[in-house]
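> fold the following.
(chains A and B)
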Amino acid sequence: MPDRPIYVIDDSEEVRDSLAVLLDSIGYRVRTFASALDFLNVVRPGWSGCVIADVRMPGMNGIELIKELRLRNIRLPVVIITAHADVPMAVAALKAGAVDFIEKPFRDEVLLVGLKLALSTPADEVGRPGGASPQSRLQTLSDREREVMLLLVAGHPNKVVAARLGISTRTVEVHRAHVMEKTGATSLADLVRLACLYEQAEDNPAQDD
Amino acid sequence: MPQERASDAIPNSVTVLIACGFVLLYAVVTLAARAHAGGVAGFYPWDAGIALSVALLARFDLRWAPLIVAASLFAAFIREGEQTISIVAVWEAVSEAAACLVAALVLRSGRTPRPDLKRVRPVVRLFAAVLLAATLVALSTVAMEMLFSARELGEAFILGSRHFLSVATVLLLFTPLLLVCEVTRQEAMRRSLISIETFLQIVLLLVLSWEVFARFVNAEIHFFYLLFLPLGWIAARHGQAGVVVALAFLYLAPLMSDWFVPHREQSIAELQIRLCVLGMTSLLIGAMGSERRTTQERMLARQAELVHVQRLNVGWEMASALAHEINQPLTAAMNYTQATLRLMAAPSPDLERSATLMRKSLDQIERVGHIIHGLRDFMNKGELRLARTDVGETIEDAIRLVSAEAGAAGVDLDVSGFGHLPTVMADKTQLVQILVNLLRNAIQALSTSKPGTGLVKVSGRSRNGNVEITVADNGRGVAPEVRERLFEPFVTTKSSGMGLGLSISQSIAEAHHGQLTVESLASGGTAFHIILPSASQDSKDA
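Modelled structure (predicted):
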């Protein structure tokens, strides 16, 4: 697996360099680029491997890069890393088709999980919004849990969720824990990915039937 | 015992101390007034016992009133050497306590339980209290003289008016100091009183008092008006705190000078009328002076607070951009460290490479420290602290704080010309604040322009003993009608924001004896110039 190269795109030189060193120590082949445009200048359809891209970059940001790759029919899986993550950004990234969404700074295990997921995604699956997580987990949620999840995913803090649903903050916390447990989500980003899938299913009920 | 019930506010031992101290002091003051025992038997024109009593009730508790009766009787007992307490002494004691109660009630009716003589309204309330107490004592005297001494109404009335004058004088001159003595002491501690001016004021007061109360007391009463001079001076310079001390001195001066040059009864009455007028005038002027000074101090404090709050505000606004800025080196440091761990875990670790990576990691962590340090300094509260400040370093600090925002907005920052500038006398934090305000304004104005085209130039030059820092952008500029009002508070072209940044920046520049000006550039952008005087005039212009 490590024979396929990783393309690191980040405007911050120290992040780029350190990531290259880290991935190199793990055994990956790494190429670095200072901007999305630099990468687009050299990338060709048919390239294999995986892209790690920052979101906030001058010129073109990471999410725009995913869309551009899609337009050019380049099926490289993309892992997004960002220094200031928020829920709307995570939603945008995962909807655009990012495989994973990782907050800086991160433990290498987390990055490796994302990379493995990306590299194991079959080429024709790349770019499918929400990545490759199973959808059935969401079916086990109760109605109230689903409501709590959707509000959380929309970026509302527990307090607001409680006020919206007319329940106590404590109850929201319990629901939230249940949601995380039932879906197996380890982070909010994880949950967002699942929610994207859920929304997709809601949008096209025919597909679900 | 009423004084014991009063102890729910004051500890018991202190209560006893106050009670004993009061009775003793009352006796001392009463005995001192005995030095002048002229005309009428039992009337002592400088007896300040009632001033103590009013202060006691006004400051501590109205329930102390019975103690006044006791103190008055005790004083009468030692003064007259009477074996049995006469009905006259009881009458006098009770009527004095009643007058004090009324006066204290008036004094305590304000918003604060203890009258704050630094404001005009409580001073006026003091006048009312004095008037009421003096009238009550006078009426009681008239009644007493007619009842017990069987005097004619006219004669009794004259005695009553003498009592009125005496009470009004001691209350106006002596009570204020007793009411505000600890405030006065604090003020004296806070401002160094050992100045040539204070010394001159004391000398003038002493000399004039000697002339008025001793040398010419029975001959040239109109010399009295000279005393308005030192009192006005003291009121202007030291406010109410100085006035109350001077008035207490003016109470003591005639009392003491009577030992050297015995005063005639007529002179005493004339002096007391004038002392009342002087006392009222000085207290009013003192209150107005203190009020004005308090207002000024409050305005200065508000200004300093506003500057700090704006800085905090900007700091929090920048925090999200800075979190990004901090996360980058943190990510790099973590990556290097984790890579090193993996290298070390290999069968034959490459120690040299590991060390290099660790050093890189260290550099990144140090960078995080710098950023946090800069932000903490920036948000720190502090008074204006002028010190020799390197302009280049100041610019660097400001740039470090805004570079994240500039990066996100795709705006380039160009800094030049700070190598050979003289230092300026400035508060670095506040200077950084102006620069951050100007830089962020420029960045935000350029954020709507095409990415990669926005440029903010920061340049410095030295000219005519001044250092001029220019922050120029290549944006669309400012409309002329907005430019005229740009430095006014609450004028803003941004959709969010209070419009205080430039107004505060200008007030900071002015506090540094400098200027903040705006210029529309021919190329279309806007330039702000901060002009500050160089720290050393002898450093030659570059």
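
> what sits against residue 180?
Picked chain A for this. A:186, A:191 (Cβ atoms under 8 Å, 6 or more residues apart in numbering or on different chains). (Each C-beta comes from the backbone N, C-alpha and C, glycine too.)

> actually chain B
Taking Cβ under 8 Å, 6+ apart, one finds B:116, B:117, B:118, B:240, B:241, B:244 in contact with residue B:180.

> I'd like the residues you listed as TSV, with distance to residue B:402 appended.
Output for the contacts of residue B:180, formatted as TSV (distance: Cβ to Cβ, whole Å):
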residue	distance to residue B:402
B:116	47
B:117	51
B:118	45
B:240	48
B:241	47
B:244	53
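
> what is the nearest of those residues to chain A?
Among the contacts of residue B:180, residue B:116 lies closest to chain A (Cβ to the nearest Cβ), at 44.1 Å.

> which strand or helix spans that closest one?
Using DSSP states H and E, residue B:116 sits within no helix or strand.

> list the contacts for the residue lying closest to residue B:166 once chain neighbours are set aside?
Closest residue in space to residue B:166, ignoring its immediate chain neighbours: residue B:45 at 4.6 Å, by Cβ to Cβ, 6 or more residues apart in numbering or on different chains. Under the criterion of Cβ under 8 Å, 6+ apart, the neighbours of residue B:45 are B:33, B:36, B:162, B:165, B:166, B:169, B:268, B:269, B:272.

> now, which of the residues you listed sits nearest residue B:314?
residue B:169 (58.9 Å; Cβ to Cβ).

> and that closest one, how many neighbours does it have?
29 (other Cβ atoms under 10 Å in any protein chain shown).

> from chain A, how far out is it?
Note on residue B:169: its distance to chain A, by Cβ to the nearest Cβ, to the nearest Å, is 67 Å.

> and that residue, what is it in contact with?
B:45, B:251, B:272, B:275, B:276, B:279.

> give me that answer again for 6 Å
By Cβ atoms under 6 Å, 6 or more residues apart in numbering or on different chains, the residues touching residue B:169 are B:272, B:275, B:276.

> inside strands: which ones of those?
Residues of the contacts of residue B:169 located in strands (DSSP state E): none.

> show the buried residues in the residues you listed.
With neighbours counted by 16 or more other Cβ atoms under 10 Å in any protein chain shown, the contacts of residue B:169 contain buried members at B:272, B:275, B:276.

> buried stuff in the helix or strand containing residue B:162?
Using DSSP H and E, residue B:162 falls within helix B:153-190. Buried residues in helix B:153-190, counting neighbours by 16+ other Cβ under 10 Å, are found at B:156-157, B:159-160, B:162-181, B:183-184, B:187.

> not counting sequence-adjacent ones, nearest residue to residue B:343?
residue B:354 (5.0 Å).

> list the contacts for that neighbour?
B:340, B:343, B:344.

> kindly write the ChimeraX command that selects the buried subset of these.
In ChimeraX, a selection of the buried entries from those looks like this (16+ other Cβ under 10 Å):
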select /B:340,343
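
> and which of the contacts of residue B:354 is nearest residue A:50?
residue B:343 (22.9 Å).

> who's in contact with the closest one?
Here residue B:343 is in contact with A:25, B:349, B:350, B:354 (criterion: Cβ under 6 Å, 6+ apart).

> assign a three-state SS to the second one, would you?
Using DSSP: H, G, I helix; E, B strand; the rest coil, the three-state assignment for residue B:349 comes out as coil.

> got the contact list for it?
residue B:343.

> the first one too?
Neighbour list for residue A:25: B:339, B:342, B:343 [criterion: Cβ under 6 Å, 6+ apart].

> hey, what's the spatially closest residue to residue B:510 that is not a sequence neighbour bridged with?
Nearest residue to residue B:510 in three dimensions, chain neighbours excluded: residue B:516, at 7.9 Å (Cβ to Cβ, 6+ apart). Per DSSP bridges, the residues bridged to residue B:516 are residue B:530.

> tell me how far residue B:516 lies from residue B:416.
Counting by Cβ to Cβ, to the nearest Å, the gap from residue B:516 to residue B:416 is 20 Å.
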